[in-house]
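Colleague: have a look; sequence and predicted model below, questions after that.
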Amino acid sequence: MMHLEVVGTHWPGLDDEVLEHYDAAGIDKGVVLATWIPSRESNDLTRDAVRRHPDRFIPFGHVRPVDDWQTELVRITQEFGWTGLKLHQGELRHGIPDTGPDMCTVTEAIVRRAAELGIRLVKIHLDDYAAIDSLTLEMPAVTWILPHMGCYFKGQDMRRWCDLARERPNVYLDTSATDRYPNLDEAIRWATPENVTFASDGFLYSPLVEKAKLDTLRLPTPHRAPRLTDAEYALIMGGTMARLLGPT
């Protein structure tokens, strides 16, 4: 997974630079998306990049509660035919009045409507275990992908997110920006390799660096965890995500 912006900042030719990173890391094809900008603008940015590079990019849509997300969900599903959606906690929290619904209620409303329109995969950055536990339980038909092994720079909490992915069949974790990477050997075994997918969270983070964290798990690890086998490595590096995405 790569962003077509850097925390909302983007520039002409960024999609070509993303491909340079893909090539350097040996990535044939990957998910792209944009966040931190208005929903319609972010989706137009993704659509244009995918039109230029249809053989390399797989689009995920994006909405923010402060925008007309209902109309945008219809556009990305019915007009564009997209089946993946990205939601981010910073945007889910922004603009919700103190007297209005809580973030979990807003998130549930967005995902339920998205699922009705054909969204099958939701990649959501939400460092709220109780909320994710509830949402993934209440909407089992949606496949949930949790970035950063579930927790962003809160590696001490990683075990419970890994346990959730192992125990709940619609929950997966991605490896992007894992802060306690020496513990990644244990985390992948807690979750099981079948429930973990590679992602870089680029353009902010380098796919080369993020891939190296997995490459090293094919060698002896500090916690004496089993080395990743070729089959497990292949699942994490694209096999599982390809299965979840289906024909593209």
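Modeller: Cool, got the structure.
Colleague: how about Thr240, nearest residue that isn't a chain neighbour?
Modeller: Among residues not flanking Thr240 along the chain, Thr197 sits closest, at 5.3 Å (C-beta to C-beta, 6 or more residues apart in numbering). Just so you know, the C-beta spots here come from the backbone N, C-alpha and C atoms, and that holds for glycine as well.
Colleague: likewise for Leu219?
Modeller: Nearest residue to Leu219, sequence neighbours excluded (C-beta to C-beta, 6+ apart): Arg227, at 6.6 Å.
Colleague: wait, that neighbour touches Arg218, no?
Modeller: Yes: at 5.6 Å, Arg227 counts as touching Arg218 under the criterion of C-beta atoms under 8 Å.
Colleague: pull the residues that contact the worst-scoring helix or strand of the chain on mean pLDDT.
Modeller: Least confident helix or strand, the chain: helix 89-93 with a mean of 88, by mean pLDDT, DSSP states H and E. For helix 89-93, contacts defined as C-beta atoms under 8 Å, 6 or more residues apart in numbering pick out 35-36, 64-66, 103, 106-107, 124-128.
Colleague: try 6 Å
Modeller: The contact list for helix 89-93, computed with C-beta atoms under 6 Å, 6 or more residues apart in numbering, reads Arg64, Met103, Thr107, His125, Leu126.
Colleague: which of the residues you listed lies closest to Ala242?
Modeller: Nearest to Ala242, judged by C-beta to C-beta, of these is His125 at 22.1 Å.
Colleague: any idea how far the closest one lies from Met139?
Modeller: Remark: distance between His125 and Met139 (C-beta to C-beta, to the nearest Å) = 17 Å.
Colleague: tell me which of the two has more neighbours.
Modeller: A count of neighbours by other C-beta atoms under 10 Å puts His125 above the other of His125 and Met139, at 23 against 17.
Colleague: how near is the more buried one to Gly202?
Modeller: His125 sits at a distance of 15 Å from Gly202 (criterion: C-beta to C-beta).
Colleague: one more: Ile37?
Modeller: For Ile37 relative to Gly202 (C-beta to C-beta), the value is 17 Å.
Colleague: what number of residues lie near Trp161?
Modeller: 24.
Colleague: pretty sure it sits against Gly150.
Modeller: Yes: contact criterion C-beta atoms under 6 Å: Trp161 and Gly150 qualify, at 2.6 Å.
Colleague: which residues does the most centrally placed residue in the chain bridge with?
Modeller: Computing the C-alpha centroid of the chain and ranking residues by C-alpha atoms, centre = their mean puts Lys123 first, at 4.0 Å. Here Lys123 sits in beta bridges with Lys86, Ile145, going by DSSP bridges.
Colleague: so it touches Thr143, yeah?
Modeller: No: using C-beta under 6 Å, Lys123 is not in contact with Thr143, being 9.4 Å away.
Colleague: and the strands in the chain?
Modeller: Taking DSSP state E as the test, the strands found in the chain are 2-3, 30-33, 57-59, 61-62, 84-88, 121-125, 143-146, 171-174, 196-197.
Colleague: so what does the last one touch, helix or strand wise?
Modeller: Based on contacts counted as 3 or more C-beta pairs under 6 Å, 6 or more residues apart in numbering; DSSP states H and E, the elements that strand 196-197 packs against are strand 171-174.
Colleague: what's the answer for the fifth one, then?
Modeller: When contacts are defined as 3+ C-beta pairs under 6 Å, 6+ apart, strand 84-88 packs onto strand 121-125.
Colleague: cool, the third one as well?
Modeller: Counting contacts by 3+ C-beta pairs under 6 Å, 6+ apart, the secondary-structure elements packed against strand 57-59 are helix 39-52.
Colleague: by contact count, what packs against the helix it packs on?
Modeller: Counting contacts by 3+ C-beta pairs under 6 Å, 6+ apart, helix 39-52 packs against strand 30-33, strand 57-59.
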